[in-house]
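Trainee: give the three-dimensional model of this entry:
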Amino acid sequence: GIGMAGAIPSIVVAQRMPTRPALGTGAYAAGIVAGSTIAAGVAVPLAIDGAWRLSLVVLSLAAIASLVAWLLLVRGDGSAGIDARRLAAHAPRLPWRSTTGWLLVVVFGLQSLLYYGCISWLPNAFVERGWATADAGALIAAFNGIGLATTVGVPLVADRLGTRRTLLVGASIVTTLGLLGVTLVPDGAWAWVAILGLSLGMIFPLVLTLPIDVADDPSTVGSVAALMLMGGYVLSSIGPVAMGAARDASGSFDSSLWLLVALGVVLTLSCLTLSPTRLRRGVGRTAAPGTSGA
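Mentor: Down below sits the predicted model:
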C-alpha cells in the first residue's frame, strides 16, 4: 500500500503547486519524516509488558487520520476542483530508457542508503566504542529530530535559493564531512549527528522534488516518481545488509562507516550531474535544438 501511494503526492504537487514544487514536496516529506519519528518514539512504550498487539493497533488506527485528510484534500477533483484534463487518458509507461530517470534512481537510492545505513548501524557502532545502549539510541533520536526540522524548513526557501544542483551538492558535501567526523573523531558524535540530520534532512525533500522538475504534466511526474522510488528503494535495501556484512568481515564497524563515507562521495558526484540544462531537458520533453533527448 505504501509503495502504491508513494508516487501519488508528486502528481498532486504538480497539479496544485506547479510554481512551488519544493514547498509542496516538502510538506508531504515532512509528514513522512514526522510520522516515522513519532512511530519510532511511541512503538516501544506502547508495547511494554508484551503488549505488542496494542502498539500495532494504535499505529494502524493512525492511518485513518491520514485517509480522512486525504479525502478532504482531493474532494472535488475532476469537477470544480483540479482540471482533470491535465491528467493523460492513459498512464504513461515508466521512463526505462531515460538516462535522467535512472540518474534520479541513483541519487534517491544513494541518499536512502545513507539514511538507512545511519539509523541501522550508527547506534551499534557507538556501543562497540563503549557507549551505553540508551545513549547510542539517543543519537538516532537527535538525528531524526534535527532532520525533521530541516525537512520542514528547507522547502520554504528552496524554490528561491540557488539551483537544485547547488543545494544538493552542498548538502551532500556536508553529509560526507559529517560521516568523516563520525569515523575519525567519534568524541564529537553529537555534533556530527546534528550535521548529518541537517544535511540529510535537506536532501530528502529536494530529491523528492526532482520528478516535478523534469516533467511537464502530472501523469509523467507520476511515472518518473514511480521509477525513482522503485529503483531507489531496491538500491537502498542493500545498504544495511552490506554494512552488516562489512562489519562481520572486518570485525569492526569502522569498515561500515568508511563505506558510508564512500557513498557520500558518490552521492556528491551524482548530484553534480544534475545541471539546470539536464533538469530543463527533463524526461519526455522535446529536446531543444542542438541538445540530445533525456
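
Trainee: so which residues of the stretch 151-294 of the chain form helices?
Mentor: 155-158, 164-184, 189-214, 218-236, 238-250, 254-272, 276-281 (DSSP state H, counting those that start in this stretch).

Trainee: and the ones you listed as a markdown table, adding mean pLDDT and mean neighbour count?
Mentor: Bear in mind the C-beta positions are built from the backbone N, C-alpha and C, glycine included. Shown next, in a markdown table, are the helices of the stretch 151-294 of the chain (pLDDT from 0 to 100; neighbours: other CB atoms under 10 Å):
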| stretch | mean pLDDT | mean neighbour count |
| --- | --- | --- |
| helix 155-158 | 77 | 18 |
| helix 164-184 | 95 | 21 |
| helix 189-214 | 93 | 24 |
| helix 218-236 | 90 | 22 |
| helix 238-250 | 90 | 16 |
| helix 254-272 | 96 | 20 |
| helix 276-281 | 91 | 14 |
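
Trainee: these: which one's closest to Leu71?
Mentor: Minimum separation from Leu71 across those (CB to CB) falls at helix 218-236, 19.1 Å.

Trainee: next, the angle from that closest one to helix 189-214.
Mentor: If you take axes from the mean of the first three to the mean of the last three CA atoms, to 10 degrees, helix 218-236 sits at 140 degrees to helix 189-214.

Trainee: ok, back up a step: looking at the helices of the stretch 151-294 of the chain, which is closest to Leu148?
Mentor: Comparing the helices of the stretch 151-294 of the chain by CB to CB, helix 189-214 comes nearest, at 6.8 Å.

Trainee: got any ranges where the stretch 51-200 of the chain has weak pLDDT?
Mentor: 77-91 (pLDDT under 70).

Trainee: how far is the helix ranked longest in the chain from where the chain is centred?
Mentor: When the chain is scanned for its longest helix (criterion: DSSP state H), the result is helix 99-128. Per CA atoms, centre = their mean, to the nearest Å, the displacement of helix 99-128 from the mean C-alpha position of its chain is 9 Å.

Trainee: quick revisit: and of the helices of the stretch 151-294 of the chain, who's closest to Pro18?
Mentor: helix 189-214 (7.7 Å).

Trainee: what is the closest one packed up against?
Mentor: With contacts defined as 3 or more CB pairs under 8 Å, 6 or more residues apart in numbering; DSSP states H and E, helix 189-214 has these neighbours: helix 8-16, helix 21-46, helix 99-128, helix 133-153, helix 155-158, helix 164-184, helix 218-236, helix 276-281.

Trainee: cool, thanks, signing off.
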